[in-house]
Each structure stands twice: as structure tokens, then as C-alpha cells.
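*Asks:* Kindly return the folded structure for what I paste below:
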Amino acid sequence: MSEIAQYVIGLDGGGTKTSIQLADLSGTVITETQGGPSNFQIIGIEEASRNILDLAETCCHSVGCSYSQIGSVVAGLTGAGRIADERRITEGLQNASEKRGMFFHDLKVESDARVALEGAFKGTRGIVLICGTGSIVFAKDAKGRVIRSGGWGRLIGDEGSGYQIGREAFRSIARMMDGRGRATKLAKMVGSEFGLKTHEDIIRAVYREDFDLASAAPLVLLAAERNDAAATEILRFAAAELIDALRAVMKSLGNSPRGNRPKIPLVLMGGLMQSENVYSKKVKSAIRKNLPRLSVEDPIDRPVHGAVLMAIDRVKTGLKNGTLAVAVQ
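*Replies:* Got it, this is the predicted structure:
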């Protein structure tokens, strides 16, 4: 006999914290809380699974429901954007939950970008551009088809991201120090902020000490605000890369960047886009100029609720397939 499902759980987890909501099948949030990080690429699968399951356990105890009453759990996690990584953390979560006697009907891991897309538009059509340390564009059309551009990682992708901006800062400094590039305030700023003042300092930090290139991105923004030509050019190029990613997604969706058809909502997310700064302003200006059919808007809801909506959809699919029974509300 099928178990009776009354609730769903949605999670949004990253490198600093994990948010969770337990909701009924209409989407009404019954309880929510936050806990430790769940980026398994950094802290490992075992610790990430423990933090996620601790939060699920807390929510179930708060509501007074059993795990068998949870129709679906959807976890949107940083680092889960590739199939192999998604499988690794899914298996880890399943093994950990079984050891703790936490048996759920359904457990699904998604990328943090995917649940952000659902939350931003409450499951309806739209585009999200996420730009922080990395970058990616996700879009959903009126038929529910999902398109992405980017997400190739820092070595061959992440155009327009903090990583690319930081890398270009060091390239600009290297050219200046070699006498083959323009003078830039970035050299002095990086030397003061990170103690990297010589050729040897930079080589050691970047190639032997795994220096976080994205940590230099705020200095590029500051230098651009001070009218540094090299920094301004770095941000101009980065913004153009993001425009290319947005244009590619619009093309895949069958939409021209221009024309008189209805506007397409766009939400800007990630550390470099969610605050008003010289870079986010440059990106918004480029969108208005080059992609006038996009309308930059605030998100309707948070990524954690996007995970809830996806969990509800999975419950509905289970009902259609006859694999799940739900309690009458």
C-alpha cells in the first residue's frame, strides 16, 4: 500500500549556509530554518549530507510529521550542476538517510541555479543570470522547457564572473610589470591587499599556493570607480561576455533580442549582480542597449522556495504515475 504524503521539503545550499522550507502540497510554508554549509565540493559529501539531514530532521520534528509524510525532497546545491556530481551527492544523501532511518518517498538533487530559476518566477517563464565567483544563465519558456548557457567552470568557462575578472586583473598587472601594457592602479592595490608585489610573489601565490583569483574582483570594481583604464576595460569585456550568454539563451528559446513582442523577465543574481556597483550598472546598461526585450526585475521568491515548487511538481508526477498517494487536504 502506498504511503500517504502531506508535505514536501525544499533546500537551497551553498558554501556558507543551507536554507530549508517544509511546505504542504499547496505550497504554503509550514516551517523554515537555516543551518551549516552544504557545498559538498568543499566540505565533502559526508558533512554536507549530515547538515542537510539535520535540517530536514529539525523541520519534521517542528511540524510533528514523520518522514514518510514527506512526498518529495528537492535539494538545490552549489556544485551539483554536472550529472556525475549530482549522482555522487545523491548517493551520499541516500546512504546517510538510510543509516539514520530517514526514509523519504523521493529525493532529488538539483543545482542551486536551477532552483533559483524556479523561485525567481514562481515556476513560470523567465531568465536568471547568476554571476558571482562563477557565472551561468538559466531560462524557462512557457512550455516548461529549460535552457542554460555557461556553467563550464573556471578553466574553460565562467565568462563575466568574479574569477574571470580577477584573472584579467592579474594579466593586466603582469603586462604592466613586463612593460608591455598600460599602467594600472591594480598593481598597487593587489600589493597592498594581498602582499603580492613582485613577479615572484604573484607566481608563487597563483601557481603554488592556489590563490583565489576571484578575490581580486572587488579591487577591479574599486579601481574602475577610480577611473582606472585597465579595470574599466576588464569590466567592459566581462559585461559583453554576459550579454553573449543572454543572447544565446534567447536564441535557443526562439526569441529575438529585439522586436515588439512581450518583454521577457530577467532576474540578476549572485554576489556581483545583487548589489549596486560599477559592474552591475555596466551590465544593466548593456542589457538595455543590446537586449531591449529583456526586463530586469526583482525575483518573486527565493531559491529555497523554488526547490519547494519543484518538489511539489515531483509529487504531482508521482500521483499521475500511480506511485504515490496523498492525504486529502
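*Asks:* alpha carbons only for contacts and neighbour counts from here, please
*Replies:* Fine.
*Asks:* For Ala248, grab the count of nearby residues.
*Replies:* Ala248 has 19 neighbouring residues, counting by other C-alpha atoms under 10 Å.
*Asks:* In a helix, it, correct?
*Replies:* Yes - checked against DSSP: H, G, I helix; E, B strand; the rest coil, Ala248 lies within a helix.
*Asks:* What's the per-residue pLDDT of it here?
*Replies:* Ala248 carries a pLDDT value of 93.
*Asks:* if I read this right, it contacts Ser149, doesn't it?
*Replies:* Yes - if you go by C-alpha atoms under 8 Å, Ala248 and Ser149 touch, sitting 7.1 Å apart.
*Asks:* Excluding chain neighbours, give the residue nearest to Val296 in space.
*Replies:* Leu266 (4.7 Å; C-alpha to C-alpha, 6 or more residues apart in numbering).
*Asks:* tell me the SS of the one you found?
*Replies:* Going by three-state DSSP: Leu266 is strand.
*Asks:* so what's it up against?
*Replies:* By C-alpha atoms under 8 Å, 6 or more residues apart in numbering, the contact list for Leu266 reads Gly126, Ile127, Val128, Leu129, Leu294, Ser295, Val296, Glu297.
*Asks:* Quick one: classify Lys143 as helix, strand or coil.
*Replies:* Classified using three-state DSSP, Lys143 is coil.
*Asks:* any idea how far it is from Phe40?
*Replies:* 32 Å (C-alpha to C-alpha, to the nearest Å).
*Asks:* between those two, who's got more neighbours?
*Replies:* Higher neighbour count among Lys143 and Phe40: Phe40, with 23 against 8, using other C-alpha under 10 Å.
*Asks:* Could you list which residues are in contact with the more buried one?
*Replies:* Glu46, Glu47, Ala48, Thr78, Gly79, Ile89 are the contacts of Phe40 under C-alpha under 8 Å, 6+ apart.
*Asks:* Pull the number of nearby residues for the second one.
*Replies:* Burial measure for Glu47: 17 neighbouring residues, criterion other C-alpha under 10 Å.
*Asks:* Tell me the first helix or strand C-terminal of the helix or strand harbouring it.
*Replies:* Assessed by DSSP states H and E, Glu47 sits inside helix 45-63. Tracing the chain past helix 45-63, the next element assigned as helix or strand by DSSP H and E is strand 70-77.
*Asks:* Restrict that next one to CA atoms and write it as PDB.
*Replies:* Taking Å, rounded to 0.1, in the frame of the first residue of the first chain, the C-alpha atoms of strand 70-77 are listed here in PDB:
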ATOM      1  CA  ILE A  70       7.200  13.900   3.000                       C
ATOM      2  CA  GLY A  71       6.300  13.400  -0.600                       C
ATOM      3  CA  SER A  72       9.500  14.700  -2.100                       C
ATOM      4  CA  VAL A  73      12.700  16.400  -1.000                       C
ATOM      5  CA  VAL A  74      14.500  18.600  -3.600                       C
ATOM      6  CA  ALA A  75      17.900  20.000  -2.600                       C
ATOM      7  CA  GLY A  76      19.300  22.700  -4.800                       C
ATOM      8  CA  LEU A  77      23.100  22.600  -4.100                       C
END
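*Asks:* and the gap between Glu57 and Met176?
*Replies:* 55 Å.
*Asks:* contacting residues for the closest residue in space to Asn51 that isn't next to it in sequence?
*Replies:* The spatially closest residue to Asn51, leaving aside those adjacent along the chain, is Gly36, at 6.0 Å (C-alpha to C-alpha, 6+ apart). By C-alpha under 8 Å, 6+ apart, Gly36 lies in contact with Thr16, Lys17, Thr18, Asn51.
*Asks:* ok, which stretches of the stretch 101-250 of the chain are helices?
*Replies:* 112-120, 162-178, 186-194, 199-203, 217-225, 229-252 (DSSP state H, counting those that start in this stretch).
*Asks:* Report all helices and strands that the first one contacts.
*Replies:* Applying 3 or more C-alpha pairs under 8 Å, 6 or more residues apart in numbering; DSSP states H and E, one finds that helix 112-120 contacts strand 7-13, strand 70-77, strand 126-131, strand 135-140, helix 303-320.
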